[in-house]
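Peer 1: here's my sequence, what's the structure:
(4 chains)
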2 protein chains.
Amino acid sequence: MSKKATIYDIAKELNITAATVSRALNNNPKISEKTRNLVLATATKLNYKQNRLALALKSGKSKNVGVVVPFINKNFFASVIRGIEDELYPKGFHVIISQTYEDRNREKKIIQNLLNAQVDGILLSTSFTEQNKDEFKETVKKSTPFILFDRVLRFNEISTVTIDDYQGGFVATEHLIAQGCKKIAHFDVDQSIELYQHRFKGYKDALAKHNIPFRKEYVISLQSNMEAGKDAAKTLMNLPEPPDAIFSSTDNGLLGAVKYLQSKSIRIPEDLSVVGFSNEPFTQFMEPSISSVDQSPLEMGKMAAKVFLEQIENDSNEKVQSNVVLPAKLIVRKSSSKT
Amino acid sequence: MSKKATIYDIAKELNITAATVSRALNNNPKISEKTRNLVLATATKLNYKQNRLALALKSGKSKNVGVVVPFINKNFFASVIRGIEDELYPKGFHVIISQTYEDRNREKKIIQNLLNAQVDGILLSTSFTEQNKDEFKETVKKSTPFILFDRVLRFNEISTVTIDDYQGGFVATEHLIAQGCKKIAHFDVDQSIELYQHRFKGYKDALAKHNIPFRKEYVISLQSNMEAGKDAAKTLMNLPEPPDAIFSSTDNGLLGAVKYLQSKSIRIPEDLSVVGFSNEPFTQFMEPSISSVDQSPLEMGKMAAKVFLEQIENDSNEKVQSNVVLPAKLIVRKSSSKT
DNA sequence: TTGTACGCGTTATCAC
DNA sequence: GTGATAACGCGTACAA
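Peer 2: Next comes the predicted model:
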């Protein structure tokens, strides 16, 4: 049995037509019980499997959705994808995953490929920023449903799923203030990305609310990795008046800072308290465990998937746009618990 | 522009036939420069995108490969997938990911779905065990290339990519012995899975080589999670003669044990040394950092992809079977460094 | 250099 | 209840 069996093979075997076989296989009511059973029997006998490609070509629905993220081997994105799959798989959808490595050109190419593959929709966390908004718009067009999550750009008719980054930044900072910290630094990544803007603004507003002056020298922009975090911590601690707390927009950047501080025998949280963002798994196993803002990646994935399903079910060409914002939840651990 | 443009639309626009358009688009040499340019121009003008579904149906190659793993939000599997994608993406393949949650029935269904979707191959880390080998064989048949990695079952004509688990277990244990440990316990998971068999055998043989008696009570089978690890450590420490080292076949199980030991003020590595398996990211950030055997997930993914490519390039129906074994590499950290 | 005709596997729309 | 035929979008022998 080299070649794959088709409905024609079954038809030939039974001396009937392919159409009848198709009907039998699809539980069409207008078919005699006898033929149906006959067809079913020979189908298993021939090890017949429906060719979804042909079905897709005919129906215009591939039952595939593309998921595009910067990196797949980051816990946050892996979990989002899991959420998406959990939601979509029971509905018969398959998920095609691609990663952009934060390369815009690669992202463009990926989107093209996915569109060529006739996916029924694309869920993505984009690497485009406010500056390239037009370029992004150009590649997206709008023949296929697009759902943006986490790293989003806002357009009419494009749905988004995010967490409340502003709230996350605000609560994290207010928590540090409640712990008695007065000189709170902030690790930023890139203000041309909306979510970092929001986290930063939450930080700033929390300071203002509690009448703590904002200090420009306490804000550092850095890549989200250990090395950059070390350098940033060093810079901060060499300030005439070093901070007594850090609220970081990423866990990975904070990790480097913590390692640096520990190497300098600066105690956490006694001398300096820290709160990160993302609730990466390592934050809870470190010593001290690191407080962090949880982004509920599983829920984000599920929600993105639900928004997509909504979109395609409403198959009229009405624009169904949703902008879901999930709550951000601060997880307090040792790194910011002085009491 | 609601409907997607086809080559027919382009043809109509230019008063030529679809065949000519197809040729122009595919850089067929026998076409006039003029028509080619005309076609290309109207193609972009109409926002034409090739329908890969139609192409796939015609050619019998979907350019999709299925990747099936137990869980996607484990660093090991996420990294393997990344390796696969890195290798396959430049060749124009897309990766369809599914997770089995270690549920055999789900895995069967997933494989069926993938086959229906006409994937060009399936790369999987199976949840089937030696006991269900026949059942697995049944679902696989062999119309489509299957590559097994990490968790494998061995058959004729099915390629596998694994690391040298035996070597990993052996080296890890010998390292503990070199540190002066004499009472070395082992965390096993499931002996019906080949890789755990191998790790266990490596452990056993290392003991034998150094004339250390094997003690049955030092071997505990447990699920790969924190809770189980805690319980296992408790059991071990309540033994009349508790061990002075643990070699665990999983990092996650070991994590729970470490937490338990620390809660009992048992010092690591002074009182008890530990080595895990998988080199999960958290092992290097913990205090103390945890020694672990690295599985080179990226390389494993790349290798699995390469074996797949080899398989389909050799499009003769010759059986090209490879059984690649990658080296296991012990990463020594504080948890097993007494000196 | 370009057009014609066909097939990939399926389902839907007519007929009978 | 079943058969015949067209259509989905594409590439490609075979003609012209």
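Peer 1: what residues does the stretch 1-150 of chain A have near DNA strand D?
Peer 2: Residues of the stretch 1-150 of chain A lying close to DNA strand D (CB under 7 Å from any atom of the strand) are A:15-20, A:23, A:30-32, A:34-35, A:54, A:57-58, A:60. The C-beta positions use only the backbone N, C-alpha and C, and glycine is treated the same way.
Peer 1: how about A:I147, phi and psi?
Peer 2: phi -120, psi 120 (degrees, to the nearest 10).
Peer 1: mind checking the SS state of A:V325?
Peer 2: Classification of A:V325 using DSSP: H, G, I helix; E, B strand; the rest coil returns strand.
Peer 1: how close does the residue in the stretch 151-300 of chain A that DNA strand D sits nearest to sit to chain B?
Peer 2: Per CB to the nearest atom of the strand, A:E157 is where the stretch 151-300 of chain A lies closest to DNA strand D, at 22.7 Å. The gap separating A:E157 from chain B is 14 Å, by CB to the nearest CB, to the nearest Å.
Peer 1: can you give me the helices for the stretch 151-300 of chain A?
Peer 2: A:165-178, A:194-209, A:226-237, A:251-263, A:282-285, A:297-313 (DSSP state H, counting those that start in this stretch).
Peer 1: so which of those helices is nearest DNA strand C?
Peer 2: helix A:297-313 (17.0 Å).
Peer 1: alpha carbons of that closest one, in PDB - could you do that?
Peer 2: Output of helix A:297-313 as PDB, limited to C-alpha atoms (Å, rounded to 0.1, in the frame of the first residue of the first chain):
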ATOM      1  CA  PRO A 297      -0.300  33.900  29.500                       C
ATOM      2  CA  LEU A 298      -2.600  30.900  29.400                       C
ATOM      3  CA  GLU A 299      -5.600  33.100  29.700                       C
ATOM      4  CA  MET A 300      -4.200  35.500  27.200                       C
ATOM      5  CA  GLY A 301      -3.800  32.700  24.700                       C
ATOM      6  CA  LYS A 302      -7.300  31.400  25.300                       C
ATOM      7  CA  MET A 303      -8.800  34.800  25.000                       C
ATOM      8  CA  ALA A 304      -7.000  35.500  21.800                       C
ATOM      9  CA  ALA A 305      -8.300  32.200  20.400                       C
ATOM     10  CA  LYS A 306     -11.800  33.000  21.500                       C
ATOM     11  CA  VAL A 307     -11.700  36.400  19.900                       C
ATOM     12  CA  PHE A 308     -10.600  34.700  16.700                       C
ATOM     13  CA  LEU A 309     -13.400  32.200  16.800                       C
ATOM     14  CA  GLU A 310     -15.900  34.900  17.400                       C
ATOM     15  CA  GLN A 311     -14.500  36.700  14.400                       C
ATOM     16  CA  ILE A 312     -14.900  33.900  12.000                       C
ATOM     17  CA  GLU A 313     -18.200  32.700  13.300                       C
END
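Peer 1: helices and strands around that helix, which ones?
Peer 2: Applying 3 or more CB pairs under 8 Å, 6 or more residues apart in numbering or on different chains; DSSP states H and E, we find helix A:297-313 packed against helix A:75-88, strand A:121-124, strand A:146-149, strand A:159-163, strand A:323-326.
Peer 1: out of the helices of the stretch 151-300 of chain A, nearest to B:G169?
Peer 2: Smallest distance to B:G169 across the helices of the stretch 151-300 of chain A (CB to CB): 24.0 Å, for helix A:282-285.
Peer 1: quick check: phi and psi at the residue of the stretch 151-300 of chain A closest to DNA strand D.
Peer 2: Here is the backbone geometry of A:E157 (degrees, to the nearest 10): phi 70, psi 10.
Peer 1: can you count the residues close to it?
Peer 2: Neighbourhood size, A:E157 [other CB atoms under 10 Å in any protein chain shown]: 10.
Peer 1: which of the helices of the stretch 151-300 of chain A comes out lowest on mean pLDDT?
Peer 2: Of all the helices of the stretch 151-300 of chain A, helix A:282-285 carries the lowest average pLDDT, namely a mean of 90.
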